[in-house]
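A.B. asks: Here's a sequence, model it:
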Amino acid sequence: MDVKDSNGNVLKDGDSVQIIKDLKVKGSSATLKRGTVIKNIRIGEGDEAVEGNSDKIKGLRLKPEFLKKV
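C.D. replies: Sure, this is the predicted structure:
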């Protein structure tokens, strides 16, 4: 199964992505701002198929429709 970003580009393990919309993080008071870069992603299973770490928050699971490949 291919995981595609908001622009239709195929995402692979190790890619870097940029967040295209401010996102609230469940279980935290932090917000990921638009333009934040997530490096070295991993492709997982299910609806939230992209896993990665930001500078502030570790262990993120994100939906690919809120990301674009850098």
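
A.B. asks: Would you map the strands across the chain?
C.D. replies: For the chain, the strands defined by DSSP state E occupy 3-4, 10-11, 17-19, 23-24, 31-32, 37-43, 50-53, 60-62, 67-69.

A.B. asks: okay, those in a markdown table with mean neighbour count and mean pLDDT next?
C.D. replies: For the C-beta atoms, the positions are set from N, CA and C on the backbone; glycine is no exception. Converted to a markdown table, the strands of the chain look like this (neighbours: other Cβ atoms under 10 Å; pLDDT from 0 to 100):
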| stretch | mean neighbour count | mean pLDDT |
| --- | --- | --- |
| strand 3-4 | 16 | 94 |
| strand 10-11 | 16 | 95 |
| strand 17-19 | 20 | 97 |
| strand 23-24 | 13 | 95 |
| strand 31-32 | 16 | 94 |
| strand 37-43 | 16 | 96 |
| strand 50-53 | 18 | 95 |
| strand 60-62 | 18 | 93 |
| strand 67-69 | 20 | 97 |
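
A.B. asks: list the contacts for the residue lying closest to V50 once chain neighbours are set aside?
C.D. replies: Leaving aside its chain neighbours, V50 sits nearest to L62 (4.7 Å; criterion: Cβ to Cβ, 6 or more residues apart in numbering). The contact partners of L62, by Cβ atoms under 8 Å, 6 or more residues apart in numbering, come to I19, L23, I38, E48, V50, E51, G52.
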